[in-house]
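Participant: build me a model:
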Amino acid sequence: MDELFCYYSNGGDCLLLLNSSIIHLNEVMLSRCINYRDPEAICRRNAFKKKKNTLYVRLPKALAIAGVVLIILGIITVLTPTAQEIWESESKLLLSGTDSIYAEGKREWLLMYPFLRPKDVRNLVVRGYVEEKLRRPFDLEVANSKVYVEATNVSGRHEFEFSPTPEELEEGLKLRVLNNRAMIEVVEDFIVETLTVYSFSDSDYLSRTPLLIPPKQVPVEITGIAEGTVGYAFNLYVLDERNYERWKAKVSFEAYYEGRNATSYEFAFTVPAEKCTEYVYFVVERLPVIELKEEILIDETLTIYRWMKYSYWFVRPLYRLPAKNGVVVKGTAEEAKGHLFNLYFLDETNFERYKAGLTYKLYWEGKRRSSYKFEFTIPLEKATEYLYCVVERVMPGVKLDVYISATKTWYEDIRPRLSVMIDTKKSYTKPIDITVRYHVEASWEERTYAHVLAGLFAGATLVGLGFLLLIASAIVKYVFKR
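Facilitator: Residues are numbered from 1 along each chain as shown. Presented below is the predicted three-dimensional model:
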């Protein structure tokens with residue numbers, strides 16, 4: 001009779017020993033064995049079931065514990081980032097470009113970034129530069145309610161850096177560039193003209209305004225020459241409006257330039273900035289051009305008939321006052337037959353007194369001669385009044401024929417036409433346009449919440465997995481109970 005022995009292996013399967021031969025049975029084969037009503041197999045089946053029940057109890061518990069652990073880890077993962085602060089560096093270009101600024105003008109730009117969260121921003125810094133392409137000077141200011149940057153007379157490039165508050169950058173800051181210093185030296189013709197003083201005039205003038213409508217009042221330097229074209233001497237005055245009126249009124253005046261008694265001048269003077277739009281007067285004043293003149297004054301024969309006591313001749317020496325010293329009269333008087341006579345030279349007033357038998361004054365007199373040589377001077381102030389020549393009888397009843405010849409000599413201002421060439425230039429500083437390049441950026445550190453979101457997502461995932469494990473544990477436990 002065959003011998004059968006049943007054993008459990010470490011894997012839970014039943015090992016049967018039949019006639020010293022090992023037979024490996026799994027649970028199905030064991031059931032078949034039991035169906036054969038093998039008493040030994042039934043015993044071994046009960047042991048196998050006990051082992052299986054122990055495994056079914058431990059699996060739901062393990063799943064539940066793992067789920068709880070994952071939930072706790074998820075909660076920790078969610079809560080831990082909220083206690084941490086992480087700051088990231090940020091920057092933003094606020095302004096960049098190139099612009100032209102007109103002379104005496106200004107340009108403003110707004111520096112603003114409205115997307116800052118003031119509570120989540122620190123170490124905010126605005127930095128940049130402004131430069132003029134040709135290194136011309138300008139003024140720079142960055143301000144709002146207060147001034148952050150102020151620079152004057154900047155030549156070329158100016159770099160700046162300041163730290164506003166986030167609220168101020170959100171509100172906006174004004175960057176201003178003022179073009180009130182850029183100048184260029186300008187040299188232009190001022191007066192280039194010939195001024196003519198005619199013989200009937202003592203002076204003439206030319207007038208110009210140095211600057212018509214300047215963008216900015218600046219001093220104007222005027223240089224030039226004035227030269228008489230025919231070599232006559234003249235006076236030259238350069239005057240402002242007020243002193244020109246004083247010169248016309250023949251009272252004392254102050255001139256930008258004053259030259260006297262020369263045939264040419266070279267000059268330089270400066271018109272102050274506050275008078276650069278007022279007229280400047282160039283006045284040419286003639287000087288006397290004196291020449292000694294001599295002409296015949298009298299060439300006459302005076303006849304005194306027997307019934308006449310005297311005879312006379314009158315003439316006006318000059319029609320315009322001499323330049324100086326009066327009029328010198330020189331000549332001779334001679335009776336044709338050698339008769340005696342008296343000779344008198346008088347002015348008009350004294351001639352009337354002579355006729356009236358009153359006392360009178362003479363320029364010259366000669367008495368009781370038949371011929372005379374005479375010379376006398378008519379005062380300057382009487383040179384245009386009539387001169388009377390009186391021949392008076394000495395012997396009664398005799399006819400007299402007296403020939404009188406006289407010349408006049410005087411100094412005359414010939415008053416030629418005076419032409420003066422005036423050639424002048426003006427030099428001044430003129431405001432000009434500038435071109436500026438600018439670049440401004442802001443940098444700061446901003447609090448980030450990305451790690452909180454990442455932690456929330458990871459924690460939620462872990463908690464979700466934990467709950468899935470708890471659900472799986474419940475399902476396994478439910479299934480096994482059945």
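Participant: in three-state terms, label A458 for me.
Facilitator: Classification of A458 by DSSP: H, G, I helix; E, B strand; the rest coil places it in helix.
Participant: over to the one 3 residues further on?
Facilitator: In three-state terms, and counting by three-state DSSP, T461 is helix.
Participant: kindly report the same for the one 4 residues further on.
Facilitator: Of the three states, L465 takes helix according to three-state DSSP.
Participant: from Y257, how far out is it?
Facilitator: Distance, L465 to Y257, by C-beta to C-beta, to the nearest Å: 103 Å. In this view, the C-beta of every residue, glycine as well, is placed from N, C-alpha and C.
Participant: with L456 instead?
Facilitator: According to C-beta to C-beta, L456 stands 90 Å off from Y257.
Participant: now E188
Facilitator: Taken as C-beta to C-beta, the span from E188 to Y257 is 19 Å.
Participant: who has more neighbours, those two?
Facilitator: For E188 versus Y257, neighbours defined as other C-beta atoms under 10 Å are more numerous around Y257 (16 against 12).
Participant: the more buried one reaches D240, doesn't it?
Facilitator: No - with contacts counted by C-beta atoms under 8 Å, Y257 stays clear of D240, the gap being 11.4 Å.
Participant: give the contact list for E141.
Facilitator: By C-beta atoms under 8 Å, 6 or more residues apart in numbering, the residues touching E141 are V147, V149, E150, A151, K174, L175, R176, L178.
Participant: ok, which pair from the residues you listed is furthest apart?
Facilitator: Within these, two members stand farthest from each other by C-beta to C-beta: A151 and K174, at 14.7 Å.
Participant: now D401. Nearest residue, chain neighbours left out?
Facilitator: Closest residue to D401 apart from its sequence neighbours, by C-beta to C-beta, 6 or more residues apart in numbering: A336 at 4.2 Å.
Participant: ok, that neighbour - contacts?
Facilitator: When contacts are counted by C-beta under 8 Å, 6+ apart, A336 touches D401, V402, Y403.
Participant: any idea how far the second one is from N350?
Facilitator: In this case it means V402. Distance of V402 to N350, computed by C-beta to C-beta: 20 Å.
Participant: tell me where the model's unsure across the stretch 301-450 of the chain.
Facilitator: Counting by pLDDT under 70, the ranges of the stretch 301-450 of the chain that qualify are 449-450.
Participant: domains in the chain, by residue range?
Facilitator: Recorded structural domains for the chain (assignment: automatic domain parsing) are 1-37, 184-289+418-431, 291-413.
Participant: indicate which one of the ones you listed is closest to R127.
Facilitator: Judged by C-beta to C-beta, the one of these that comes nearest to R127 is domain 184-289+418-431, at 30.4 Å.
Participant: quick one: the helices in the stretch 101-250 of the chain, in order.
Facilitator: 166-171, 241-248 (DSSP state H, counting those that start in this stretch).
Participant: correction: the previous question concerned the stretch 301-450 of the chain.
Facilitator: 348-355, 450-481.
Participant: for I75, which of the ones you listed is the nearest?
Facilitator: Nearest to I75, of all these, is helix 450-481, at 6.4 Å by C-beta to C-beta.
Participant: other SSEs contacting that closest one?
Facilitator: Helices and strands touching helix 450-481, by 3 or more C-beta pairs under 8 Å, 6 or more residues apart in numbering; DSSP states H and E, are helix 39-82.
Participant: quick one: average pLDDT of the helix it packs on?
Facilitator: In this model, helix 39-82 has an average pLDDT of 68.
Participant: so who does the residue nearest to L346 when sequence neighbours are not counted touch?
Facilitator: Nearest residue to L346 in three dimensions, chain neighbours excluded: Y388, at 4.9 Å (C-beta to C-beta, 6+ apart). By C-beta under 8 Å, 6+ apart, the contact list for Y388 reads Y312, W313, F314, Y344, F345, L346, D347, E348, F351.
Participant: tell me what the first one is bridged to.
Facilitator: Listed beta-bridge partners, Y312: V390 (assigned using DSSP bridges).
Participant: surely it and C389 touch.
Facilitator: Yes - using C-beta under 8 Å, Y312 is in contact with C389, at 6.3 Å.
Participant: tell me, what's touching the two both at once?
Facilitator: Joint contacts of Y312 and C389 (C-beta under 8 Å, 6+ apart) are L302.
Participant: was I right about A472 contacting L63?
Facilitator: Yes - using C-beta under 8 Å, A472 is in contact with L63, at 5.2 Å.
Participant: now R208: how far from D240?
Facilitator: Distance, R208 to D240, by C-beta to C-beta: 12 Å.
Participant: more crowded one of the two?
Facilitator: D240 (19 against 15).
Participant: for that one, give me its contacts.
Facilitator: Y256, V271, K275, E278, Y279, V280, Y281.
Participant: can you do 6 Å?
Facilitator: Taking C-beta atoms under 6 Å, 6 or more residues apart in numbering, we find D240 in contact with K275.
Participant: for it, give me the pLDDT.
Facilitator: D240 carries a pLDDT value of 96.
Participant: correct me, but N179 touches T435?
Facilitator: No - counting by C-beta atoms under 6 Å, N179 does not reach T435; the two are 9.9 Å apart.
Participant: next, count neighbours for the nearest residue to V271 once chain neighbours are set aside.
Facilitator: Take V271 and drop its neighbours on the chain: the residue closest to it by C-beta to C-beta, 6+ apart is V220, 4.5 Å away. V220 has 25 neighbours, counted by other C-beta under 10 Å.
Participant: also V238?
Facilitator: V238 has 25 neighbours, counted by other C-beta under 10 Å.
Participant: which ones are touching it?
Facilitator: With contact taken as C-beta under 6 Å, 6+ apart, V238 is in contact with A255, Y256, Y257, F282.
Participant: and which of those is nearest E159?
Facilitator: Nearest to E159 among the contacts of V238 is Y256, at 46.2 Å by C-beta to C-beta.
Participant: quick one: contacts for that closest one?
Facilitator: V238, F269.
Participant: can you report phi and psi for it?
Facilitator: Backbone torsions of Y256, given as degrees, to the nearest 10, read phi -60, psi -40.
Participant: distance of it relative to L111?
Facilitator: Distance of Y256 to L111, computed by C-beta to C-beta: 50 Å.
Participant: for T152, same thing?
Facilitator: Distance of T152 to L111, given as C-beta to C-beta: 20 Å.
Participant: higher neighbour count, these two?
Facilitator: Between T152 and L111, L111 has the larger neighbour count (other C-beta under 10 Å), namely 21 against 12.
Participant: need the contact list for that one.
Facilitator: L94, L173, L175, V440.
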